[in-house]
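Novice: Just to be clear, the model below is a prediction. Sequence and coordinates:
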Amino acid sequence: MSDLREFQNTAGPAKTPLFSFAIIADTHIMPETGPDTAPYAVLRKANQRVRLALKDLRTRQPQFVIHLGDMVRPFPALPNYDEVCELALDIFREIPCPVHYLPGNHDIGDKPIASAPAPRVCNEFVAKYKFHFGRTYHAFEHGGIHFITLNASVINSGLKEEAEQWAWLQEFTVSHLGERCFLFIHYPPYLALRDELPHYDNIDEPGRTKLLDLIACLSVEGLFAGHVHHFFYNRSGQTNMYCLPSTAFTRHDFSELFTIAPGAEFGRDDVDKLGYAMVDVFADGHAVRLIHPETQNAPISADAQFVKPLHPSEGLYPPVAVQMRHDWSALMALPTNGPLDEFTRKKVRNDYPILATWQIGISWLRVPIEEVLSPQSRERMCALQAMGQKFVGMVFGVPDKTTLEKLNAHSAQIDVLEVILSSDETATAAQSLASLRRQFVKPIYLGVLESSAQATDPKTKFFAHKTSIGFHPNSFTQPDCRTDQKDHDLQLADGLVFYISSEENVLTQIAAIEALSQKLRKPVIIHLSAAGPHPAHQQFDSVLLANRTALACIGAYSLSKGLVVFDTLMDIDRGDFPRSGLIDRRGNMNLSGRYLKTLLAVLGRNGPERHLVIDYISETQTHTFVRFQQNARPFGLYLRHEGQGGGFECVQNEFGFFHECIDLRTGERSTSCHIGGDLSGLLLAL
């Protein structure tokens, strides 16, 4: 039987970074005066955006910075290239720590590809780059770890520079076999598949395989690339491979990833995705956090302080999960559309949902078991488990023999199995449940499906198709709902699944479920619905849902052994029960996601004993206030209601002085609270 300690609100010590460094990519600095080098309006924002990113970066004090290339927009063939290179270096002098550059295709020329619409790399361009930025490839050591930067454009070029780089990298590999390394390159080796066809955004063969083989020999822990201006994640062997966003603009061709209309300027200005990365390096891993200065909704000052978001790689496992309703591992083909890929349909995967779980700090993901049975999604599950994430697999009905054999064959990908029975099946499932318990090696949590098929109210005006997954606390308190058979079935399960509807008080219901958990001596999984009561009505009230998310997070930490599952990660904006999730259809964070991100950052690291005790709840027309303690440290959660003013002064008058105030939207720490006219959620250290 698997250890269930992850469901307890206890944790080992938080990992302390050995050091942190920053990565910026694709700044595309433009000439301040004179002709532009591209027709896109968004490029007029590039220079101010990189300056904003550097201003924010200075507050986080990295030990060094690595630029992944495309420092400038003009190619070396253009007359203003030298001028803009000098401008870029002048801007980067604002960084108060060492900066390591590597060439992007705009800095040194495109990789060798006959259909490329820009000048290709050549000896003249290599010389120009070296004049301004120095070496095109090199390695340095920090904290006993090697950092390698490469020139991607020359791979497969046949230039002298390529032969010299391969010889140097092979010699480095022989000298540092098995030593811990990070590698930085402009072009990613591939976007989705190791054997994908060559296109504008990957490294062609034979250079791709040669590079990946050397990476495997070197034991490269992380590979970071730019160029595509969007986030992608892959894992090759033991190497985590990240494509990082630009500070300047998003690539509009990749807007096809999102099943919604593109963002501003046909997808070129999806501002929520722009920014840079901070990387914490631990003794046994690393955490990559993307920073979005333009949309963090907080002023950037020299003394600004932000809570550091939790990350699955830290191994702290907060007691929350998220329902992965949309397919998060599927490949899709982008349209053939020049000038970049007129003849190729690039295969890509939307990795923004997974990125969102990392950014928020969610370790537990709930998925249907068919994803465990699919080789494609199972491969992704393995990669995410290596990152520190865990999976709750769900199945309706007791799995048949064939399905159970497959589940056991891939049981490493499931940490907990939810078995949801129909209300009819609960009366006859004892034998099959007992057989499942004997054969399946992971924890089994039992729940019931309630549906509108059981509705008998003659006053109902219409029939609405509805279901809920999990027991309700009332089903254990009403005498006619308990039977000897049901009690026997419950004993066969390692834990129980409960459900809280959108119309119920979150903290009241969680308290009732916790009492049952203690009485029955069973850990619990609680599904928190975001859907309204009517399938044709929408629920996109961002403040209401964010407040509800915050309360559920507090409630999750009040459980002695349990998990609260948020529905849903991504907006459901079509079909029945349209509702908002933690992120929108473009993968950008909603207010609910921001609130949860901040709360997990604080509560998830607040000592080894994370269980909290709620000792006061006040709900008025204007606000909700919850006072609680965690590790004997008193907190207050202030949630302002939409369209309402005031209330915070009453809280201050009642509870007096607070040591610290954290804005749930931004994670900004301060010793004073500025409510203003904005709708705010605040965490107070009392």
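Specialist: Arrived safely, thanks for sending.
Novice: so residue 19 sits right up against residue 142, yeah?
Specialist: Yes. With contact defined as C-beta atoms under 8 Å, residue 19 reaches residue 142; the gap is 6.8 Å. Quick note: C-beta positions are derived from backbone N, CA and C, even for glycine.
Novice: what do the two both touch?
Specialist: Common neighbours of residue 19 and residue 142 (criterion: C-beta atoms under 8 Å, 6 or more residues apart in numbering): residue 63.
Novice: got the contact list for residue 136?
Specialist: By C-beta under 8 Å, 6+ apart, residue 136 lies in contact with 102-103, 108, 126, 129-130, 151, 154, 161, 165.
Novice: same thing but at 6 Å, please
Specialist: For residue 136, the contact set (C-beta atoms under 6 Å, 6 or more residues apart in numbering) comprises 103, 151.
Novice: what's the answer for residue 190, then?
Specialist: Contacts for residue 190 (C-beta under 6 Å, 6+ apart) come out as 196, 202.
Novice: Could you report the pLDDT at it?
Specialist: Residue 190 carries a pLDDT value of 98.
Novice: Spell out the secondary structure type for it.
Specialist: When classified by DSSP: H, G, I helix; E, B strand; the rest coil, residue 190 comes out as coil.
Novice: Dihedrals phi and psi, it?
Specialist: Dihedral angles of residue 190 (phi, psi; degrees, to the nearest 10) stand at phi -160, psi 160.
Novice: repeat for the one 3 residues further on
Specialist: Reported as degrees, to the nearest 10, the phi and psi values for residue 193 are phi -130, psi 140.
Novice: which residues does the residue nearest to it when sequence neighbours are not counted contact?
Specialist: The spatial neighbour of residue 193 that comes closest, neighbours along the chain excluded (C-beta to C-beta, 6 or more residues apart in numbering), is residue 347 at 6.1 Å. Residue 347 makes contacts with 192, 196, 331, 333, as judged by C-beta under 6 Å, 6+ apart.
Novice: Could you list everything residue 347 pairs with in the sheet?
Specialist: Beta-bridge partners for residue 347, by DSSP bridges, are residue 333.
Novice: Please apply the same query to residue 561.
Specialist: Using DSSP bridges, the bridge partners assigned to residue 561 are residue 8.
Novice: Kindly state the pLDDT recorded for residue 655?
Specialist: On the pLDDT scale, residue 655 gets 64.
Novice: again with the one 10 residues further on
Specialist: Residue 665 carries a pLDDT score of 94 in this model.
Novice: One more: residue 95?
Specialist: On the pLDDT scale, residue 95 gets 96.
Novice: now it, what's its secondary structure?
Specialist: Counting by three-state DSSP, the backbone at residue 95 sits in coil.
Novice: Make sure it is actually in contact with residue 66.
Specialist: No. Between residue 95 and residue 66 there is no contact under C-beta atoms under 6 Å: 11.0 Å.
Novice: what would the contacts of residue 347 look like in CSV with distance to residue 262 and neighbour count?
Specialist: Shown next, in CSV, are these (distance: C-beta to C-beta, whole Å; neighbours: other C-beta atoms under 10 Å):
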residue, distance to residue 262, neighbour count
192, 21, 16
196, 24, 18
331, 20, 14
333, 17, 11
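Novice: Mind putting these into CSV with distance to residue 384?
Specialist: Output for these, formatted as CSV (distance: C-beta to C-beta, whole Å):
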residue, distance to residue 384
192, 15
196, 21
331, 16
333, 24
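Novice: Of the residues you listed, which is the nearest to residue 532?
Specialist: Nearest to residue 532 out of the contacts of residue 347 is residue 331 (C-beta to C-beta; 33.6 Å).
Novice: Could you list the domains of the protein?
Specialist: Annotated domains of the chain cover 23-296, 345-452+462-605, 618-685 [automatic domain parsing].
Novice: Give the residue spans of the stretch 551-686 of the chain that score low on pLDDT.
Specialist: Flagging of the stretch 551-686 of the chain using pLDDT under 70 yields the residue ranges 643-648, 650-651, 654-656, 673-679.
Novice: need the helices for it, in chain order.
Specialist: Secondary structure of the stretch 551-686 of the chain (DSSP state H, counting those that start in this stretch): helices located at 591-603, 648-655.
Novice: To residue 431, which of these lies closest?
Specialist: Shortest separation from residue 431 across these is recorded for helix 591-603, at 41.0 Å, computed as C-beta to C-beta.
Novice: which residues are contacting that closest one?
Specialist: Contacting residues not belonging to helix 591-603 are listed as 307, 309-310, 318, 360-361, 542, 545-546, 549-550, 553, 557, 582-583, 664-665, 667, 681 [C-beta under 6 Å, 6+ apart].
Novice: let's go with 8 Å and repeat that
Specialist: By C-beta under 8 Å, 6+ apart, the surrounding residues in contact with helix 591-603 are 307-310, 318, 320, 356, 359-362, 542-543, 545-550, 553-554, 557, 566, 580-583, 589, 610, 612, 630, 662-667, 681, 683.
Novice: In JSON lines, list the domains of the chain along with distance to residue 337.
Specialist: Converted to JSON lines, these look like this (distance: least, C-beta to C-beta, whole Å):
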{"stretch": "domain 23-296", "distance to residue 337": "6"}
{"stretch": "domain 345-452+462-605", "distance to residue 337": "10"}
{"stretch": "domain 618-685", "distance to residue 337": "37"}
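Novice: And those, which one averages the lowest pLDDT?
Specialist: domain 618-685 - the lowest mean pLDDT of the domains of the chain, at a mean of 81.
Novice: chain center to that one: distance?
Specialist: The chain centre lies 26 Å from the centre of domain 618-685; the measure is C-alpha atoms, centre = their mean, to the nearest Å.
Novice: start to end distance for it?
Specialist: Length of domain 618-685, first residue to last, C-alpha to C-alpha, to the nearest Å: 17 Å.
Novice: Quick check: chain neighbours aside, which residue is closest to residue 201?
Specialist: Of all residues not flanking residue 201 in the chain, residue 228 sits nearest, at 5.2 Å (C-beta to C-beta, 6+ apart).
Novice: Beyond the one helix or strand residue 468 maps to, next helix or strand please.
Specialist: Using DSSP states H and E, the element containing residue 468 is strand 467-469. Of the helices and strands lying after strand 467-469 in sequence (DSSP H and E), the nearest is helix 474-477.
Novice: buried residues in that next one?
Specialist: Within helix 474-477, the residues that qualify as buried are 475-476, counting by 16 or more other C-beta atoms under 10 Å.
Novice: just how off-centre is it within its chain?
Specialist: Offset of helix 474-477 from its chain centre (C-alpha atoms, centre = their mean): 37 Å.
Novice: now do stretch 57-76
Specialist: The chain centre lies 23 Å from the centre of stretch 57-76; the measure is C-alpha atoms, centre = their mean.
Novice: In contact with residue 542, which residues?
Specialist: 580, 590-592, 642.
Novice: all strands for the stretch 351-500 of the chain, in order.
Specialist: With strands called from DSSP state E, counting those that start in this stretch, the stretch 351-500 of the chain shows them at 364-368, 390-396, 416-422, 444-451, 467-469, 495-500.
Novice: Just name the most buried of these.
Specialist: When neighbours are counted by mean count of other C-beta atoms under 10 Å, the highest per-stretch mean among those falls to strand 495-500, a mean of 25.
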